[in-house]
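A.B. asks: any chance you can model this:
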Amino acid sequence: MSMSVTNPNIAKTSMRGLTNFISDLRNSPSKENEEKRVTKEMAHIRKEFKENKNIDGYQRRKYVCKLVYMYMLGYELDFGHMEAVTLLSSTKFSEKQIGYIALGILLNEQHEMLPLIINSFKEDLLARSDYFQSLALAAICNIGGKEVAEFLSPLIQKLLIANTSSPMVKKRCALAILRMNRKHIGFVSPDSWVERLVSVLDEPDFGVLTSLMSLLIELASENPVGWEPAIPKVIYLLKKIIINKEFPKEYVYYHVTCPWLQVKLLKFLRYFPAPDESQGGKVLGEILTAIFAQSESAKAGTVNHKNSLNAVLFEAINLIIHLDNDPVLLKQTSLLLGRFLTVKETNIRYLGLEAMSHFASLSNETSIMIKKYQDTVLLSLKDSDISIRRRALDLLYGMCDKNTCKHIVAELLSYLQTADYAIREELVIKIANLAEKFASNYSWYVDVILQLITTAGDFVSDDIWFRVVKIVTNHEDIQAYAASTVFNALQSRNCHETLIKVGGYILGEFGHLIADNPQSSPLVQFNILHSKFNTCGAPTKALLLSTYAKFVNLFPELTQQTQEVFKQHQSYIDAEIQQRACEYLNLTSLNEDLMQTVLDVIPAFIDAKDNSNTTSNTANNSNMINSQDSKISSGGYNQSPQTQIQPQVQPQAQNQQQNVSTNGLDLLDPFGLGLTNQQPTQQPTQQPVYQQQQAESFSPIQNDTVSSFGQQQGGFNSPTIQAAGSPISSGGSDPMQIKILASYKRLCLVTEGVLYEDSMLQVGLKSEYQSGQGRLMLYYGNSSTFPLTNFNITLNSIAGLTLQPQSIAPVIQPKAQLQQPVTFTCTAEFTESPIITINFLTPGKPITISLRLPIVISKFFEPLRLSSGDFFARWKTISGKPLEIQEIFKSTKPIDIQSYNRVIQEGLNITVLKQVDPNPNNIVASCLFPFGSNGQPINSYIRIETNPQANMCRLTIRSQSATLTNTIKNLLISHLQ
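C.D. replies: Got it, this is the predicted structure:
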């Protein structure tokens, strides 16, 4: 005779009155009848609670259940909460259970009644009943706020590691700690009980182990240091399950043993480097081999069986890729991933393509292993699911090398003609990257880019054709070929505007190389370009006018035709075109020697190696092209360029603004690919010398940079340092302004302190943030011996931040204080802190004080924890301005990596990722801003390379928002410098 274990506290009787009440509401013929029944029942319950002093537990829980049901139907409740609290003190499980259920529905983390029930939570946690403890833990997870966590977390931790706690309680304790730590990042500090917590892994109950591993993964993802003692135990558990087959039968799910626990154990190991033999490294290799063997020998089963088996298998693959220390396992992984590419299930193919992308990026050896699957991946580009097409594109990009480049680029160009618009921009950028990175000759590269422009010109960013112009300009051997190719392309009836820009630039500079051919004579070149003139936008027309001016210098016989065009546009509505037409008309009518000097052929762009030795003449030569031309970052292009290339000659009115030397990037050899996209910044005349000093001080970093972030970084700019949201200041040398700035910067990192203080007024604040909401309590203290009258505050919202200040009294008595609550909501990215203006009268004169409130965008950041592989994959998807910014700055004090980590993680709420960059002097971090202007969360990725000997830092930020990228840069430089 079998016996089932039941809770002896559960009442056997049902509440008939509750059942009848619910039936009445469900059977109401109309909404009005339902409201009448609810109103009648509420009045009856209110009367019972108020007048019946001897109400028993059964009646109380029945009435509370009715109130909860009415509340769930949408009716407002203004009573009954205390009755639910009263049920918590009952010794009967049925009454206590209803009390916890009611409070879990009626209350939230910010409810004013929550502090009243903390003692009830504590009493139930200290009770000997597993059921009472479980009820309390479930309620803490649901409605426990910061105050509950502060008060009860030590007790919950003790219950978790106590030998007397039952498995049921330990499971809930682990999940409660996990919940509290997720709600209040870093609140749970396990430093003092790591050893005891790791010892819980010896627990035989698999339910406890599953819950505990969720907690350990969360804590290890924040900071894996200190959790190394858990590695041998985790490996032992995997061996126990997979090799020794020791597990409870009830944890077998569709013939797969404990799949959820296996996944969590394998995922935990990914936060640590490869374990040595003493930690069980050899055993781990046997375990991974066994997992592969199970997958190969497993019979085709149900969908649930396949899903659970694949969950374990993909986690094992991710761990093998992370460890990257066993050639045999890596080879097996490549074979297994190859099989996944041909299965029918879309999810499996997606995961296979994604894992293979990570696998290909490990080394040349792993990239060679998957070359044989190239045709299969190419077929995936035609899949009906766009997510599969995107992953296949990423994988092809990672598989490409010098041997396969032409074939892959040809296939991608063919696919581009039929690709849907959602993927075209990404496809164009990747084709351009590959064409430049692996081009065997420049002619092929030019052909590819022109074909890109012809096929998908709308998706070709300005950076791509900027780069073509630079390459053609710097290599004489392809100038004639480029001019001929562009000329032939322009003869098409429908030319994309980007092609006209390229044609105008190249023919203006190198059209004379093909002028001897009657079919491409100067007049023919002019006629072809001018036939497109009226269909172009204003920037292209401006460029073509510069081309015509160049034609006059190269082909004097075209003077009449070009001057006629200039005369037609002397009164053009667009100021830029009008100015160019007037100046070019006068220029071509003046002294011929002067015209030849001004309209001379553009010189080659300066090599980065010679940049530090440039002279003022070199700086003047940069007038030939806009100083903000975006360059290639590790063979990549910007996706959202904001600048337009300027014509070969700038009018005099613009020359003063364009007199900026190109920054330290290799513009001559596009195939070296060792440099980062960087925009030049206007600097004083000493810029070249300072750049040379920076390059020397960073030489160790350039040589030792790890290639996990793409190519080696280089090409530094002079730093442009500006404080993020500095307080309003009339002079940097004023001691009071220096003090205000220091207070502001400090409060950007903490939640409370003094913002302003002088002999009359002290302004302090306390702040708290949760999700997109914030609350600020401002304190205005009168330090003088006279009252401050007509005291008023002006505080306006800014773009992305809505503030709602409460009104305050107009007078502050001597030695008294006023408080002003301010609530605010973040709705989008914002760059500056809001300004508070304080006005008041003293016996002497009126006073006005303007300050910046320390509300910065980092206050709304949420943690973004990434493994090494995930970080690298996401880092590589973003490149080029304005989404990428790189800045160099000199620290005013000795560089302390630990101090930098504290400022970044604890002060600016940016997650510092450990063991991503093996160089201890480098910092890798990421963060999530949930309130992007487009309604989507924004991820940001940060890398800080330091040179302690030279006291210099190089900051690189890549984000999905240009505004956020620039704001984070200003914040970090302000607080780290």
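
A.B. asks: pull out the buried residues from the helix or strand hosting Ala293.
C.D. replies: Using DSSP states H and E, Ala293 sits within helix 281-297. By 16 or more other Cβ atoms under 10 Å, the buried positions in helix 281-297 come out as 281, 283-285, 287-289, 291-292, 294-295. The C-beta positions use only the backbone N, C-alpha and C, and glycine is treated the same way.

A.B. asks: any idea how far that helix is from the chain center?
C.D. replies: For helix 281-297, the separation from the chain centroid amounts to 35 Å (computed by Cα atoms, centre = their mean, to the nearest Å).

A.B. asks: so for it, mean pLDDT?
C.D. replies: Mean pLDDT, helix 281-297: 83.

A.B. asks: residues in contact with it?
C.D. replies: 235-236, 238-239, 242-243, 269, 274-275, 309-310, 312-313, 316, 319-320, 326, 328-329, 332, 336 (Cβ atoms under 8 Å, 6 or more residues apart in numbering).

A.B. asks: those, buried ones only, as a ChimeraX selection?
C.D. replies: With 16+ other Cβ under 10 Å as the burial test, the buried ones among the contacts of helix 281-297 are selected in ChimeraX as follows:
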select :235,236,238,239,242,269,275,309,310,312,313,316,319,320,326,329,332,336
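
A.B. asks: now, the contacts of helix 281-297 that are in helices?
C.D. replies: 235-236, 238, 269, 309-310, 312-313, 316, 319-320, 328-329, 332, 336 (DSSP state H).

A.B. asks: Phe466: which of those is nearest?
C.D. replies: Distance to Phe466 across the ones in helices among the contacts of helix 281-297 (Cβ to Cβ) is lowest for Ile320, with 41.7 Å.

A.B. asks: remind me which residues of the stretch 301-450 of the chain are low pLDDT?
C.D. replies: Low-confidence segments of the stretch 301-450 of the chain (pLDDT under 70): 301.

A.B. asks: ranges for the strands of the stretch 751-900 of the chain?
C.D. replies: 752-757, 761-770, 773-782, 789-795, 801-805, 817-826, 835-841, 846-852, 862-863, 884-890 (DSSP state E, counting those that start in this stretch).

A.B. asks: paired strands for the fourth one, with orientation please.
C.D. replies: Just to be clear, that refers to strand 789-795. strand 835-841 (antiparallel) (DSSP bridges).

A.B. asks: pLDDT of the helix or strand containing Met595, averaged?
C.D. replies: Assigned by DSSP H and E, Met595 falls within helix 592-598. Averaging pLDDT along helix 592-598 gives 78.

A.B. asks: can you point out the buried residues in that helix?
C.D. replies: Applying 16+ other Cβ under 10 Å to helix 592-598 flags Met595 as buried.

A.B. asks: tell me how far Tyr780 lies from Lys470.
C.D. replies: Going from Tyr780 to Lys470 by Cβ to Cβ, to the nearest Å gives 58 Å.

A.B. asks: just to revisit the earlier point, just the strands of the stretch 751-900 of the chain: most buried one?
C.D. replies: strand 884-890 (a mean of 21; mean count of other Cβ atoms under 10 Å).

A.B. asks: which strands and helices lie in contact with it?
C.D. replies: strand 952-959, helix 962-976 (3 or more Cβ pairs under 8 Å, 6 or more residues apart in numbering; DSSP states H and E).

A.B. asks: so Arg61 sits right up against Met15, yeah?
C.D. replies: Yes - between Arg61 and Met15 there is a contact under Cβ atoms under 8 Å: 7.5 Å.

A.B. asks: need the three-state assignment for Val924.
C.D. replies: strand (DSSP: H, G, I helix; E, B strand; the rest coil).

A.B. asks: chain neighbours aside, what residue packs nearest to it?
C.D. replies: Excluding the flanking residues, the one nearest Val924 by Cβ to Cβ, 6 or more residues apart in numbering is Val916, at 4.2 Å.

A.B. asks: who touches the one you found in this structure?
C.D. replies: Contacts of Val916 by Cβ under 8 Å, 6+ apart are 708, 866, 868, 871, 924.

A.B. asks: off-centre distance for the helix holding Met595?
C.D. replies: 52 Å.

A.B. asks: who touches it?
C.D. replies: Here helix 592-598 has contacts from 552-553, 587-588, 649, using Cβ under 8 Å, 6+ apart.

A.B. asks: who touches stretch 498-511?
C.D. replies: For stretch 498-511, contacts defined as Cβ under 8 Å, 6+ apart pick out 450, 453-454, 457, 460, 465, 468-469, 472-473, 479-480, 482-483, 486-487, 489-490, 495, 520, 522, 525, 529, 532, 536, 540, 543-544, 546-548, 550-551, 554, 601-602, 645, 647-648.

A.B. asks: among those residues, which are in helices?
C.D. replies: 450, 453-454, 465, 468-469, 472-473, 479-480, 482-483, 486-487, 489-490, 522, 525, 529, 540, 543-544, 546-548, 550-551, 554.

A.B. asks: about what we covered before: mean neighbour count, the helices and strands packed on strand 884-890: which tops it?
C.D. replies: strand 952-959 (a mean of 23).
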